[in-house]
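Student: got a predicted structure here, sequence first:
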Amino acid sequence: NLAQIGVTGLAVMGSNLARNLARHGYTVALHNRSIAKTDALLENHGDEGTFIRTESMADFVAALERPRRALIMVKAGDATDSVIEELADLMEPGDVIIDGGNSLYTDTIRREAAMSKRGLNFVGTGISGGEEGALNGPSIMPGGPAEAYESLGPLLESISAHVDGTPCCTHIGPNGSGHFVKMVHNGIEYADMQLIGEAYDLMRKALTMSTDEIADVFRQWNSGDLESYLVEITAEVLAQKDAETGKPLIDVIVDEAGQKGTGRWTVKSALDLGIPTTGIAEAVFARALSSSRDQRTAARDLASGKLAGAPTDRDRFVADINAALYASKVVAYAQGFDQIRAGSAEYDWNVDPGALATIWRGGCIIRAKFLNRIVDAYRDDPDLPSLLLAPYFREAVSAGLDSWRRVVATASTMGIPVPAFASSLSYYDGLRAERLPAALTQGLRDFFGAHTYKRVDKPGSFHTLWGEQTRTEVEV
Ligand code: 6PG
């Protein structure tokens, strides 16, 4: 009896995906560099389905039916490269190698090209949902040859989360597209978490609410427009008490945020593509600032210059924060989808933003009720220039605009940092501005570097002999 799929790399994500596959009736070949993990999985969960235990990579490949499908779940980077090489040496044309790790999309492009030269199908897939999602239904973002998706797709779709009967898995496009959209997903996850953090911080510092009260607010928000996995678990994280001290656990957690890299990659790619993904960038930088322990300690006694006290109407300000969070979240998604459109154009991927929003409705970390609105927006207008221009979002943001401004203004006068709220509002104001100070930037560039500028009243490029009264313009 051969396996329909194999999983190599049985840390928690790999194990849970293997179990998910087995629970769906597939025979799953198991492989791990150290056999102990394989045996632990079989001992604890061997009765959940049909597994084939293998020790060597050769046995693993031999246990797979053809075309072989091998899912790699090892650490992104060099470890992934060496497993790919090992597998490729044992496989035959038509076989499928799937990398389910958080790989950098440019690595996936390189690997796919190398494998296709050898007649192998290489699928780089984003998988979101953490441990729980891997076991019970993640959101899956596979990129690679369409031919590979034909045989692999049904299998991945069956183990993915489902929303209204629709699987949270679709073929994203060729080569690196799956890992690219997963990268941007994580960037949006960073922005979302930073915005939630700022909302929490405002309730704590501007309204001096207790952690339990703030948990209640997030719980309530989760039954409104903000309904989402991250808002739901924020209420749970805030409600958790520390077993040792009895305090809210959040108060004993060190306020330095870690990061494994996907947020940073998103911002680097946004810079290369020239897309202002400001919400994600602020979130990445906010994590970096939080971790600058020495600087923060040295700066503790810097002046606050606080201009105002707390808002007097607590309920109103909580409602303002809700609106600011919603509007800033729309900005983060709008920017993320802009980046996906730009990446798709750059690499000829033809990513369908509506299909992507559809598979993000369930399973993944950024799953939210709000994704339905994004699906609708792209269904109504596939060429939408920005999500902010979709009628629903245009209306929703405009309804919350006063609140958004009050939140940023209050934070500023009270000296509370809100980098993501503030930069998202500035992005919105910049986007809708009739004139931007970029005209001055162009003037300065032309002044010191003869970089030329365009005129509002006629075509062409111009250079001015700055300061000369007589001849001020030279057409270039
Ligand atoms: C997901 C998560 C997952 C992981 C990130 C966290 O979609 O399931 O995004 O991929 O938790 O790696 O990234 P940081 O460690 O950088 O916060």
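Tutor: Nice, thanks for sending it over. Numbers count the residues shown, from 1 in each chain.
Student: tell me the contacts of the residue in the stretch 351-476 of the chain positioned nearest to the ligand?
Tutor: As assessed by CB to the nearest ligand atom, the ligand sits closest to residue 365 within the stretch 351-476 of the chain, at 4.3 Å. (Each C-beta comes from the backbone N, C-alpha and C, glycine too.) When contacts are counted by CB atoms under 8 Å, 6 or more residues apart in numbering, residue 365 touches 128, 129, 130, 133, 185, 186, 189, 229, 230.
Student: in the protein, which residue sits nearest the ligand?
Tutor: residue 128 (3.1 Å).
Student: which residue packs closest to that residue, ignoring adjacent ones?
Tutor: If the residues on either side of it in the chain are set aside, residue 128 comes closest to residue 364, at 3.5 Å by CB to CB, 6 or more residues apart in numbering.
Student: so the one you found: helix, strand or coil?
Tutor: In three-state terms, and counting by DSSP: H, G, I helix; E, B strand; the rest coil, residue 364 is coil.
Student: what's the local residue count around it?
Tutor: By other CB atoms under 10 Å, the residues close to residue 364 number 29.
Student: that one touches residue 140, doesn't it?
Tutor: No: in this structure residue 364 lies outside contact range of residue 140 using CB atoms under 8 Å: 9.1 Å.
Student: pLDDT weak spots in the protein?
Tutor: For the chain, the stretches with pLDDT under 70 are 469-476.
Student: before we move on, back to that, for residue 267, see how far away the residue of the stretch 351-476 of the chain closest to the ligand is.
Tutor: 18 Å (CB to CB, to the nearest Å).
Student: go on, residue 287?
Tutor: Applying CB to CB to residue 287 and residue 267 gives a distance of 11 Å.
Student: same question for residue 246.
Tutor: In terms of CB to CB, residue 246 sits 39 Å off from residue 267.
Student: neighbour-wise, which of those two wins?
Tutor: Using other CB under 10 Å as the criterion, residue 246 and residue 267 rank with residue 267 on top: 20 against 7.
Student: which residues does the more buried one contact?
Tutor: 187, 277, 280, 281, 284 are the contacts of residue 267 under CB under 8 Å, 6+ apart.
Student: switch the cut-off to 10 Å
Tutor: For residue 267, the contact set (CB atoms under 10 Å, 6 or more residues apart in numbering) comprises 187, 190, 277, 278, 280, 281, 282, 283, 284, 285, 339.
Student: all strands of the stretch 201-350 of the chain, in order?
Tutor: Counting by DSSP state E, counting those that start in this stretch, the stretch 201-350 of the chain forms no strands at all.
Student: oops, could you answer that again for the stretch 351-476 of the chain instead?
Tutor: All strands of the stretch 351-476 of the chain, identified by DSSP E, counting those that start in this stretch, fall at 462-463, 474-475.
Student: follow-up on the earlier one: between residue 364 and residue 140, what contacts are shared?
Tutor: 126, 127, 128, 129, 133, 160, 161, 168, 182.
Student: highest neighbour count among the residues you listed?
Tutor: Ranking the shared contacts of residue 364 and residue 140 using other CB under 10 Å puts residue 126 first, with 31 neighbours.
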